Structure formats: structure tokens, C-alpha cells
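Chemist: Quick one, structure for this:
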Amino acid sequence: MTRTQFSILLGLILGYLVLQVHWQYEYPGWSETVNITGSLISFERSADMILLARAKDTSIDFFKALGWSHAHDRYVQLCIFRLASQGLLTKHLPYSENLFKQDIKSHQMNLLDSSLKSIPHISPRHLKQLNGYLDGINTYIETHPRPLEFILFNYRPELFTIADVLTIYKFIAYAGLNDICLIVEKLVLEVLRETDNSDLMKMSFSPHLDGLSDELIEVYKTIKDIRPIGDQETSHVPKLTNSNNWAVSGKLSESGSPLLGSDPHMDISKLPNIFYESHYIGEDGYNIFGISAAGAPGIVMGRSKQLAFSITFGMLDMSDYFVENIENMKYERDGRFYPLTERVISIAGKNCYFYETIEGHSIERSLESVQKPIDSGRYLAAKYALTVDADSKIVDTFFSPVMAKNIFEIKKTFSINSLGTNYVVADSDGNIAYQQGGNVPIRKTSNGLLPLPAWKSENLWQGYLPGEAYHSIINPPEGFVATANNHIQDPEKPVVATFSALSHRVNRINQLLQSKEKLSTEDFKIFQSDTHSLFAEQIVPIVAPHLGSSDIEKELREWDYVSHLDSKPAAFFKLLHQNLKRNVLLQFFTPERADKYIKYSAYPLYVILHKVLESNNSTLLPPAVLQKTVKDTLAQYKGEKYGELEKIDMNNMLFAGKLPSWLGLDRQNIPTSHCFQCVKVGNPRFSQFGAPIYISQAWRMVTDMGTNVVESILPGGPGGNILSNFYAREIDALIEGTYKKIEL
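Modeler: You can find the predicted model right below:
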């Protein structure tokens, strides 16, 4: 066959597949009734291409419908999450070093094993619901062809199991969210053992390093084979690192009913979106719209007729590093030694060795060392708050809002979960509430930010905090609640978080919520697009005196601190901020180390920068640093507008921008007015492999509890099928702030 003939044949095959997909379900009004293990569930594609499911028994059929919907619209994403969570990417996808690194990370976490141990402890009711979700997924897999991507990779997905679902959930919780705690710990550890900047760390993370001693630093210097910070994360997992949610009571709304706004921020540089919108209506009266993640049964955020609910990541400290002393494949406890549990796993044809203690401390080693048995010495070991109790509540956490009638029915459920969340809730009875929730361990000798020697048993976890330990607010007198990954700690309760986002976002949200006597959902939409930077308000006056009489100086002085697409001061400040961060760090670290931390440890570095700025200490922030920052920025700035500098790429999650643009899998060079530490936050970052990612609004939702209307934007849309005509929808809607309406 000639090359021309092959191209024609390939074109005909692709054309046929496109037509098949289009004829089957690619238009508004498409409908189908599916028999899922005895339940007749009807599906219909709405005008906004959301899959609406109707069924009889919500307690079971909801799960069946959601499983079928996930497989139907997000087949590839669903399977990739399973492979990533279990360390099977290199087994079924074309090999790359990046995938090898991710598989190593997943096997080290060993989440599948903890899932298998939890299954016998899950209640019969929850098992029935989980099996309903599996029935939906597996019915679809058994009755539909594989997607084109898997045909190309010769991958045939197996049917899903309960262990698969639990592992995906925990992978999102611990690799996607709570891993930030380990990243911060590792940064602190590395700085303490390799530099002379303990005072900087103590100031930046006060009071959580008060227990630091010279003796402990010497212990850190004896640790061998530390995996670099750049290998800490996994890219095939959602990151909920910047998010906002808020609610106001009826006394602050035009309608007299509570309003709720939600805009979780995750990596939006991948298509499809991590979130998936669905709508379910039950014959028994239940009606709910919201978002979920493929492989995780339940609604993460959304709205029923009685309840609206949203989460942000609370940055609760639910994972720790310990220092383990290993001798002859045994670990030490109070002078006695016990055998490590060894697992030998073949990954991409290479035998890899993983080790755990009886407490579940997982020894972390470099990618090279993990390919051989462990030597004697001191190692870092990661511990995650994986408990049977938290696993058994997975279904309740994301299903209870579906059937709850008011906030009082679900607050207690939200207090114990594996995500570490800030829930904001509103109900049709007029109530609003905040509930912090997680599974934070009880620590006797520390608060979680310093890795402690595990050979002293007093340093080990002593159980987990009860639900009453988490902060809770019901109907606050000021009439509103808001969170933005900010520090929330009840002073009368145990420490649950040692690290948080800066306060600029939540402070700006609080300003907006108090900017009018009465608010509406139209105001909430404007708030979600707000790019007024309190962070810039803080920094510009510090730097401005060093600008002299430059052309940009006048514009910066008159700037309203809003990042409009056509704003030159906003563009200049973006560069100024980047240079200031680097120049501050260069006072303490070598250029190589500073650049590494900027690339891989963005979150804790902003805390350090903020503390330096707040210190008013000329030693920490001398005029020379400010002068160099201005000089560097003036040399770098070429008169661009903000929209010319702030652009994002949204690439297919599998092919990552490597295929020709004419195939339509990617959307690139999208101008955006997102900005750092704004409500409409935009945070360019790098994955551990150096690939750019972009943390920003992955979903927007506003609703008035006095109506049955929800308005939302899901950049990327519902479709994960690359042949779908609703693949990569609503990207323009995010840029323009155009919401769709869903009637419950």
C-alpha cells in the first residue's frame, strides 16, 4: 500500500468514526434508555450538552447513572486515572521516563493495598451503592467499543472493581491534594540540611518550627538517597490548590434567600477538564446537578433543590515525613529492630523494590536506588492518613448532599473525610454554614511540619482527631462565609494545618461581599471574574520609589491594580513579581537552587516571600534587591499588554501538545486575565517533569436558593472523546464570563 493510499484509508476510517460518534450522541436532544443490572435509566443530552439521567430509585440508580455517564463521556480519563493510581501507566501506554517516575510514585504510595484492606469494613449499604456505580461503568465498557486512543495503544481496559474506585479516590486525595504537605516538609528539610537558612525557615513558618533543634538538623544531614523535590508530584492527577467558595444569607441578598458561589481552581492545561458536569432526576423527587471526577462516585460540588455545597482544599496536614533508621532491612523502634515489608514490582521490565513499616511508613528513595534492594542507613518515609474509617465514609461524603434536605443533615458527614476540605453550604430553609473536615492525625511531639525520627515511638501518630476537632460555623451574624485555601484554625482546638495559602484572595472576597447592601447571583458572577490584586497593592508601593522617572512609573502609580487584558501596568507587575521573588531568594540560595524551588515549590515560596515583605527588615529586603528587581524588569519589559503575556495552553491529557494542531486536540495561546492572588486566580506552574501547567478556575457555579436555577461554566465541557463535537467546549465562556443555566 502506498503512502497516499494509506492516508486515504486512514482518513476514511477517521471520518467513519466521527460520523458514528456524531450519530450516536453528539447532538442536543439525543436520548437513550439503558438497562443497567435491572434498572431502566434514561439519558438525554441537554442543549448545553450535559448528560441528564432519569431513574427510579435515587439511593442506587444515581450511582448506576453516574458510572455509565463517566464511562460514556470520560472513558479515556476514567481509565487513565485507574492506571495512574495503581502505577500501571508504563504497562499500558507507550513508555516514557515521565510515566516511569509516576508509576514509581504510585507504587510507593501503595494505595491499592489500603483499598483492598478497607473493603471488608465498608457497610452493606455503601457496598451496594459502590457496586451500582461499577455496574454503570462496566455496562458501558461491555457494550461499547474502545476509544480510538486505546486502539492506537493496543490497550484493552478490564472491568472496574471497588478497589479501583477507592484507589482513584485516594489518589486524588493524597497525590493530588495532600501531597502539598509533603512538598512543604521536603522544602523545609532540604533547606535545613543543605543551607544555613534555619532562621529564614523559622520566620516563614512560625510557630510551627519552634521545636527545631541543632540535633534534629544533624539528623537531617545523615539522611541518604532523598528523592528530589522535582520528582515529588504526579501529573495525571488533579490539583485543587487554589479555590474559592462563599455564601451569603438572605439578609444580604436581593432575593431574601441564601446565595452560593463556587470556583475551584485546578490544572486547566489538560483536556478534558478534571471535573465532569452531570444532572440527575429521580422519580422519588430527588434532583441534583453538579460536578464529579471520573472514577469517584458522588457529587463533589453542586446543587439540589434543597442544598448547595462547595469545597476548597483546606490544606489540613494529613501526611508526614518521618526519618527511619534501617539496618539489614529492619527498622528501629526504641532500640529494637523489626523486619521491613518488601514488595518487588516489575515496572517497565525493571524490578523495583518498595519497603514499608508496620505503621504504613513508606520508604522513599531516588529513582535509581529504588531499582535495587535497600541498604542500611537513614531514609525519609512518607505516612498518609489512610484509615478504614475514612474509606468507609467516601460514599457518604459525596452522596449525602444528593438526598440531604438541609445543612444540619450533612455537616457531621463532612467533618471526617480524606480530602482535607473547607465546605461552604447553603439550604432552601435559609441557612448557611462552614464545615472544616479531614482526617488529621494526633501528634504528640510535633505539629507536622518537621520530619521526626521514627525510631522514637513517642514521635509516631497517636490516632486521629474526631469530627468535633474541626472548625464549624452556622449562620454567622455577619451573614456570610468565605474560604480561599486560607488559614482557618479554631484557637480552642488542636492544630490541623501548618501551612496555607496567602490571605489576599479571601480578604478580597470579603471586601466584595461587603461592597453592597444586597447581593445577587449577577454580582457573584462579577466577583468570580474579579482581578483586583491586593497582592499588587502590597508590593507596588515598596518597589515604586526605585522606578525613578521611567515611562512605566506613571502608569504603575495610576494603576487600579486590576489585570485587564489591555493593561500595561498589569503586564509590568507580572514580570516585576517574578523578578522580585527570584532576587529575594538569591539572598539565601544559589541561582541553581533558587530556580529549582521556583519551578517546583511555588506554594511555600510565596509564603517565604510574603513573610520577607511583611518583616520590614532591611537585612531581609535591602534596597539593593529592590533596585535590581526594578532594573531586571525594566530590561525585560517591552511594552506588552497583560493579555500578550498571560496566555495558557490546553492540551490533550494523553498527547500533551505533541500532535499536529490541525487534528484539533489542543487549544493553545489562549489570552486570559487571570492573575496571581486574585479571586480569578491564575498560577502558572511546572510539573515535576518541567512541563508547564496552569492552575486556574476549572469550574464556576452560582446559585440562588430561592430559585431552582444553577449557572455554571466548565472550561473544556463534558466531552472527553477527541472525536466529539463538544470536546473543548466553554473555553470562550470562561474568558468572557458567559454562564449557562441549568433548571432543576
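Chemist: which residues of the protein score low on pLDDT?
Modeler: The chain contains residues with pLDDT under 70 at 1-26, 230-241, 684-692.
Chemist: Identify the single longest helix in it, thanks.
Modeler: Counting by DSSP state H, the longest helix found in the chain is helix 58-86.
Chemist: next one: it to chain centre, how far?
Modeler: Computed by Cα atoms, centre = their mean, to the nearest Å, the chain-centroid distance of helix 58-86 equals 19 Å.
Chemist: same thing with stretch 519-536?
Modeler: Distance, stretch centre to chain centre, for stretch 519-536: 22 Å (Cα atoms, centre = their mean).
Chemist: Now the helix or strand just after the longest helix of the chain: buried residues?
Modeler: Beyond helix 58-86 in the direction of the C-terminus, DSSP states H and E gives the next helix or strand as helix 89-92. By neighbour count on 16 or more other Cβ atoms under 10 Å, the buried set for helix 89-92 is Leu89, Thr90, Lys91, His92. Where you see a C-beta, it was placed from the backbone N, CA and C, and this is true even at glycine.
Chemist: Name the nearest residue to Thr37, sequence neighbours excluded.
Modeler: Counting by Cβ to Cβ, 6 or more residues apart in numbering, Thr37 lies nearest to Asp135, which is 4.4 Å off, once chain neighbours are set aside.
Chemist: got a list of what Phe100 touches?
Modeler: Neighbour list for Phe100: Thr90, Ile347, Ala348, Leu367 [criterion: Cβ atoms under 8 Å, 6 or more residues apart in numbering].
Chemist: One more pass at 6 Å, please.
Modeler: Each residue near Phe100 by Cβ atoms under 6 Å, 6 or more residues apart in numbering is listed here: Thr90, Ala348.
Chemist: three-state assignment of Trp559?
Modeler: Of the three states, Trp559 takes coil according to DSSP: H, G, I helix; E, B strand; the rest coil.
Chemist: For it, give its distance to Arg443.
Modeler: Distance of Trp559 to Arg443, given as Cβ to Cβ, to the nearest Å: 45 Å.
Chemist: Which of the two has more residues huddled nearby?
Modeler: A count of neighbours by other Cβ atoms under 10 Å puts Trp559 above the other of Trp559 and Arg443, at 21 against 18.
Chemist: Does that one touch Pro569 like I think?
Modeler: Yes: with contact defined as Cβ atoms under 6 Å, Trp559 counts as touching Pro569 (3.7 Å).
Chemist: what's in contact with stretch 105-119?
Modeler: Here stretch 105-119 has contacts from 86-87, 162-163, 166-167, 170-171, 234, 345, 354, 362, 386, 388, 391, using Cβ under 6 Å, 6+ apart.
Chemist: Please read the previous query as pertaining to stretch 449-464.
Modeler: Under Cβ under 6 Å, 6+ apart, the answer for stretch 449-464 is 185, 189, 208, 321-325, 332-334, 439, 441-442, 444-446, 498.
Chemist: Drop anything exposed from these.
Modeler: 185, 189, 208, 321-325, 332-333, 439, 441, 446, 498.
Chemist: Nearest to Ala635, out of the contacts of stretch 105-119: which one, please.
Modeler: Thr234 (37.3 Å; Cβ to Cβ).
Chemist: Pick the one among the buried residues of helix 89-92 closest to Ser601.
Modeler: The closest of the buried residues of helix 89-92 to Ser601 turns out to be Leu89 (Cβ to Cβ; 24.4 Å).
Chemist: ok, that closest one - contacts?
Modeler: Contacts of Leu89 (Cβ under 6 Å, 6+ apart): Leu83, Leu99, Gln102, Asp103.
Chemist: The same query, at a cut-off of 10 Å, please.
Modeler: Contact analysis of Leu89 by Cβ atoms under 10 Å, 6 or more residues apart in numbering lists 80, 83, 95-96, 98-103, 106, 234, 236, 347-348.
Chemist: What's the ChimeraX line that selects buried ones from the residues you listed?
Modeler: Only the buried entries of the contacts of Leu89 go into this ChimeraX selection, using 16+ other Cβ under 10 Å:
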select :80,83,98,99,100,101,102,103,106,234,236,347
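Chemist: Mind checking which of the contacts of Leu89 land in strands?
Modeler: Within these, residues falling in strands by DSSP state E are Ile347.
Chemist: coming back round to it: flag every buried residue along the longest helix of the chain.
Modeler: 58-86.
Chemist: same thing with stretch 461-473?
Modeler: Buried-residue list, stretch 461-473, by 16+ other Cβ under 10 Å: Trp461, Tyr464, Leu465, Gly467, Ala469, Tyr470, His471, Ser472.
Chemist: Any idea how many residues pack against the residue nearest to the fourth one when sequence neighbours are not counted?
Modeler: Meaning Gly467. Nearest residue to Gly467 in three dimensions, chain neighbours excluded: Ser415, at 3.5 Å (Cβ to Cβ, 6+ apart). Look at Ser415: counted by other Cβ under 10 Å, it has 24 neighbours.
Chemist: Distance check, Ser415 against Arg729.
Modeler: Counting by Cβ to Cβ, the gap from Ser415 to Arg729 is 36 Å.
Chemist: same deal with Ser292?
Modeler: 18 Å.
Chemist: just to revisit the earlier point, among the contacts of Leu89, which ones are in helices?
Modeler: Those of the contacts of Leu89 lying in helices (DSSP H): Ile80, Leu83, Asn98, Leu99, Phe100, Lys101, Gln102, Asp103, Ser106.
Chemist: Nearest to Ala382 among these?
Modeler: Checking those against Ala382 with Cβ to Cβ, the nearest one is Ser106 at 12.5 Å.
Chemist: residues contacting the residue lying closest to Ala404 once chain neighbours are set aside?
Modeler: Leaving aside its chain neighbours, Ala404 sits nearest to Ile410 (4.4 Å; criterion: Cβ to Cβ, 6+ apart). Counting by Cβ under 10 Å, 6+ apart, Ile410 makes contact with 307, 309, 396-397, 399-404, 423, 425, 427, 433, 435.
Chemist: So which bits of the helix or strand hosting Ser696 are buried?
Modeler: Per DSSP H and E, Ser696 falls inside strand 692-697. Across strand 692-697, burial judged by 16+ other Cβ under 10 Å covers Ile693, Tyr694, Ile695, Ser696, Gln697.
Chemist: can you tell me how far the last one sits from Asn244?
Modeler: Going from Gln697 to Asn244 by Cβ to Cβ gives 9 Å.
Chemist: so what sits against both of these two?
Modeler: In contact with both Gln697 and Asn244: Asp263, Pro264, His265, Gln528, Val679, Lys680, Val681, using Cβ under 10 Å, 6+ apart.
Chemist: So the fifth one sits against Asp263, correct?
Modeler: Going back to what we said before, that points to Val679. Yes: the criterion here is Cβ atoms under 10 Å, and Val679 meets it with Asp263 at 7.9 Å.
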